[in-house]
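J.: next comes the sequence, and after it the predicted model I'd like to discuss.
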Amino acid sequence: MIKIAPSILSANFANLERDLQKISSADWAHVDVMDGHFVPNITIGVPVVKSLRKATKMFLDVHLMIDDPARYVAAFADAGADLLSIHLEAAGPKHIAEALRIMDEHKVKKAVALRPITKAEAILPYLEQLDMVLVMTVEPGFGGQAFMEEQLDTIRGVRSLIDRHNPNCLLEVDGGVNVKTARLCVDAGANVLVAGSAVYGAEDIPAAIAALRGC
């Protein structure tokens, strides 16, 4: 079954509790954390995740677009994240391994994320211990970007590796996802879809979520 994870990056930040309620029919809430270093934008931090946790029982899918994520995974886990995604491009292999170890200590689900510049094979050193792999279909840092269709090859490559090495691992896609591109992602092997403007920009948000889930 396809999981839908609307990105609150497209929500009204002055009314996050209200806008979380608007996506209550979705499976997860996707939370984009940006530090102004790994990506050129700055979004939210630990205090907001803590507030989100108090405001909803939804599964919080927290995407850390930050340098040296091992410094912060414990804080985000303790703030209430259910799953943390860290970028393989954000630190060296030893630091990525340390971040995943800390996630285990704090009993949060583990994921690694790939920018478009990164090949599917980069997940192999970590794959057997992961709960999810996130493939970006835009360059991380800003919402509302156009879907990079060439990333379908990366999705297919990741799906093949997951099927061989860790079949229970989820495959999430983030960036430019709408009803049209969602079908392409699902056909390529994705089973978790992040959508921001396609959900929050819709007149009927529950219908938009249902349409994505039906892809």
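T.: Yep, it's here. Model, not experiment: these values are computed from the prediction.

J.: count of residues packed around residue 60?
T.: Counted with other CB atoms under 10 Å, the neighbours of residue 60 add up to 24. All C-beta atoms are positioned from the backbone trio N, CA, C, and that covers glycine.

J.: am I right that it sits in a strand?
T.: Yes - secondary structure of residue 60 (DSSP: H, G, I helix; E, B strand; the rest coil): part of a strand.

J.: now it: how far from residue 196?
T.: 16 Å (CB to CB, to the nearest Å).

J.: what of residue 80?
T.: Going from residue 80 to residue 196 by CB to CB gives 21 Å.

J.: between the two, which one's more packed in?
T.: Legend: neighbour count by other CB under 10 Å for residue 80 and residue 196, higher for residue 196 (24 against 19).

J.: that one reaches residue 6, doesn't it?
T.: Yes - contact criterion CB atoms under 8 Å: residue 196 and residue 6 qualify, at 6.8 Å.

J.: what residues are shared contacts of those two?
T.: residue 30 (CB atoms under 8 Å, 6 or more residues apart in numbering).

J.: quick one: the helices in the chain?
T.: For the chain, the helices defined by DSSP state H cover 16-22, 46-55, 73-79, 93-105, 152-165, 179-188, 197-200, 205-213.

J.: out of those, which gets nearest to residue 125?
T.: helix 93-105 (6.5 Å; CB to CB).

J.: so where is this structure shaky, pLDDT-wise?
T.: Scanning the chain with the threshold set as pLDDT under 70 gives 143.

J.: tell me which residue is most central in it.
T.: residue 63 (4.9 Å; CA atoms, centre = their mean).

J.: what sits against it?
T.: Residue 63 touches 30-33, 85, 113, 134, 174, 194, counting by CB under 8 Å, 6+ apart.

J.: roughly how far does the nearest residue to residue 215 once chain neighbours are set aside sit from residue 132?
T.: In space, and not counting its chain neighbours, residue 215 is closest to residue 182: 4.1 Å by CB to CB, 6 or more residues apart in numbering. Separation of residue 182 from residue 132 (CB to CB) stands at 17 Å.

J.: likewise residue 54?
T.: When distance is defined by CB to CB, residue 54 is 24 Å away from residue 132.

J.: the more surrounded of those two?
T.: The residue with more neighbours, out of residue 54 and residue 132, is residue 132; 22 against 9, by other CB under 10 Å.

J.: verify the stated contact: that one with residue 173.
T.: No - Residue 132 is beyond contact range of residue 173, at 11.0 Å (criterion: CB under 8 Å).
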